[in-house]
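K.L.:
Sharing a sequence plus its predicted fold:
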There are 2 protein chains.
Amino acid sequence: MTDDEWVPPQVLLAIDLVILTLRDNQLNVLLVQRGIEPYRGQLALPGGFLRDADERILAAAHRELFEEAGLHGDHLHLEQLAVYGDPGRDTRGRVVSVAYLAIAPGLPEPEAGTDASGACWCPVDQALSAAAQLAFDHRTILSDGVERARSKLEHTALATAFCGPTFTISELQQVYEAVWGVRIDPRNFYRKVQRSEGFIEPAGPVRKSDTGRPARLFRAGPRQVLNPPMTRSTDAEGTSR
Amino acid sequence: MTDDEWVPPQVLLAIDLVILTLRDNQLNVLLVQRGIEPYRGQLALPGGFLRDADERILAAAHRELFEEAGLHGDHLHLEQLAVYGDPGRDTRGRVVSVAYLAIAPGLPEPEAGTDASGACWCPVDQALSAAAQLAFDHRTILSDGVERARSKLEHTALATAFCGPTFTISELQQVYEAVWGVRIDPRNFYRKVQRSEGFIEPAGPVRKSDTGRPARLFRAGPRQVLNPPMTRSTDAEGTSR
DNA sequence: ACAATAGTGTCTGTGAGACATTATGCA
DNA sequence: TGCATAATGTCTCACAGACACTATTGT
């Protein structure tokens, strides 16, 4: 079409991870402090380049997930989020990054000393505030990831991925409250998740807590898409004209 | 981390387009017949490589949209779908493709003679049937694109993108019926879209048709996300255990 | 007994779906 | 007048949200 000698340009392929978890009833994201240029010393999402030309992209995401956070595949939700590839987003050349969204159950401090020179959980509110100054376009990526998680909570069973293998209903409720940033009536929530066919199923007897009546335990059910969905009261959306 | 001499591998970046429209009350997709290897002569989604290292990915999508289908940006919905980059999906090397979903109002036969040696609209049912044999992993991409369109119809105003600048309510209904493959009660549909704040707004007087009472015309409203959503009766989903 | 959380029951408003009815054009 | 489609009204059932109430633990 153009020159006979024209060949398409090549690009560097990177993976970025938005790893969300719940800590202390707050939605947290895993951030690392960059050890190399560009943006040396600044906070960034964990990630890296494709290792070699034969590595699958999803495999690279899993590899980075392990290298930078010490997490491996089991009990972990991992899904493609979007591609970010604007020219100039990385000074090292044309870098196209595939972002993945990972949801992990509540975890203690991350394993340090692997790849990243310092990884830490950070509340997303804080990471998204103007003061945080994430590297590259990672603020956009994080924002997209959080919005995706919020949305998927509505009509999929994603919420169970934030919990351990078994959980109580009020623990599940805390997931919704933390991710959506709203308060939910426990009685209505209880009925709703119970009725939602295949969402959760009974597991073991009860979990005793320090105070109050012990709660029954549940595990994630077989159904991934919820019917009916968990409508969050979306009272301020759309274009305000 | 590994060798001092290690450099990340480079890949070729491609764009693939899932261009959907409505023709004769059927959901159609634009396909081209490949003029070059690999998969020469087979049907494929329109697409191509990044032109140069400075081109934005979205710009490349718009460029291909024009080159291969003669469509340009106005009155056109275009959104990122996903990335497909498995090794071996293209024999020319490691090709990572960013798929875009485009929705166009009903259109006549596409402009031939630009880039693709023959482009044509094809009913999606037919394109997805086993007999079609699309090139590369384009069957998967098309399938993902259609599912995305179906899903977005529920809680966004995407349906209006299938229509012209003005449309009647029954035309809008035909969009839903065609994309979802269901029948909808016209009276209930009428009330529902009317009540949905900001979805559609009156435009001009009426459109006369060959038969029956003329219908009022509407245009797309300012609101993109619908509240309440247009629930399609999702009676068979999730994992059947 | 009391505090605290788990779990159940009841009421009310709203919307979805089924379907009758009226309105407005043309042959 | 008859036909076809547009537009509106009515009914019923199911569910969301509000909230009173009972149950079961520890102190």
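P.N.:
Everything's here; your move.

K.L.:
Any part of the lengthiest strand in chain A near chain B?
P.N.:
Longest strand of chain A, by residue count under DSSP state E: strand A:10-23. Yes. Using C-beta under 8 Å from any C-beta of the partner chain, strand A:10-23 reaches chain B at A:10-14. (C-beta placed from N, C-alpha, C; glycine too.)

K.L.:
From A:Ala102, how far off is A:Asp16?
P.N.:
11 Å (C-beta to C-beta, to the nearest Å).

K.L.:
Tell me where chain A has helices.
P.N.:
A:57-69, A:124-128, A:138-155, A:169-180, A:186-195 (DSSP state H).

K.L.:
do you know which of these lies nearest B:His75?
P.N.:
Closest to B:His75 of those is helix A:138-155 (C-beta to C-beta; 25.8 Å).

K.L.:
in the helix or strand bottoming out on mean pLDDT in chain A, what's buried?
P.N.:
The helix or strand of chain A with the poorest confidence is strand A:200-207; it has a mean of 86 (mean pLDDT, DSSP states H and E). Neighbour counts over strand A:200-207 (16 or more other C-beta atoms under 10 Å in any protein chain shown) mark A:Ile200 as buried.

K.L.:
which neighbours does that strand have in its sheet, and in what orientation?
P.N.:
Paired neighbours of strand A:200-207 in the sheet (DSSP bridges): strand A:215-220 (antiparallel).

K.L.:
follow-up on the earlier one: show me the two of the residues of strand A:10-23 next to chain B that sit farthest apart.
P.N.:
A:Gln10 and A:Ala14 (13.7 Å).

K.L.:
Export only the CA atoms of stretch A:179-190, formatted as CSV.
P.N.:
The C-alpha trace of stretch A:179-190 is given here as CSV (Å, rounded to 0.1, in the frame of the first residue of the first chain):
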residue,chain,number,x,y,z
VAL,A,179,-15.2,-1.4,47.4
TRP,A,180,-18.4,0.6,46.7
GLY,A,181,-17.9,3.0,49.6
VAL,A,182,-21.5,2.7,50.8
ARG,A,183,-23.4,1.3,53.8
ILE,A,184,-25.7,-1.6,53.3
ASP,A,185,-28.5,-2.9,55.6
PRO,A,186,-27.2,-6.2,56.9
ARG,A,187,-30.7,-7.8,57.0
ASN,A,188,-31.5,-7.1,53.4
PHE,A,189,-28.0,-8.1,52.3
TYR,A,190,-28.4,-11.3,54.1
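
K.L.:
pLDDT below threshold where in chain A?
P.N.:
Across chain A, the ranges flagged by pLDDT under 70 are A:1-3, A:110-117, A:233-241.

K.L.:
Quickly list the domain ranges of it.
P.N.:
A:12-153, A:156-240 (automatic domain parsing).

K.L.:
any residue of the longest one up close to DNA strand D?
P.N.:
No. If you take C-beta under 7 Å from any atom of the strand as the test, domain A:12-153 misses DNA strand D, and the best it gets is 13.5 Å.

K.L.:
Around DNA strand C, which positions in chain A sit nearby?
P.N.:
Within chain A, the positions lying close to DNA strand C (C-beta under 7 Å from any atom of the strand) are A:168-170, A:186-188, A:190-191, A:194, A:206, A:209, A:211-216.

K.L.:
Closest one to chain B out of the residues of strand A:10-23 next to chain B, please.
P.N.:
A:Gln10 (3.8 Å; C-beta to the nearest C-beta).

K.L.:
If we ignore the residues flanking it in sequence, what's nearest the closest one?
P.N.:
B:Gln10 (3.8 Å; C-beta to C-beta, 6 or more residues apart in numbering or on different chains).

K.L.:
Then A:Arg139?
P.N.:
Using C-beta to C-beta, 6+ apart, the closest residue to A:Arg139 is A:Leu128 (6.6 Å).

K.L.:
which residues sit in contact with that neighbour?
P.N.:
Neighbouring residues of A:Leu128 by C-beta atoms under 8 Å, 6 or more residues apart in numbering or on different chains: A:139, A:142-143, A:146.

K.L.:
neighbours around the residue of chain A found nearest DNA strand D, how many?
P.N.:
Residue of chain A nearest DNA strand D, by C-beta to the nearest atom of the strand: A:Arg213 (3.0 Å). By the criterion of other C-beta atoms under 10 Å in any protein chain shown, A:Arg213 has 7 neighbours.

K.L.:
how many other residues sit next to A:Pro229?
P.N.:
For A:Pro229, using other C-beta under 10 Å, the count is 17.

K.L.:
for A:Arg195, same thing?
P.N.:
A:Arg195: 9 neighbours (other C-beta under 10 Å).

K.L.:
returning to that earlier point: can you tell me which of the domains of chain A is most buried?
P.N.:
Highest mean neighbour count among the domains of chain A (mean count of other C-beta atoms under 10 Å in any protein chain shown): domain A:12-153, with a mean of 18.

K.L.:
close enough to count as contact, A:Val32 and A:Gln42?
P.N.:
No. Using C-beta atoms under 8 Å as the test, A:Val32 is too far from A:Gln42 to be in contact (9.9 Å).
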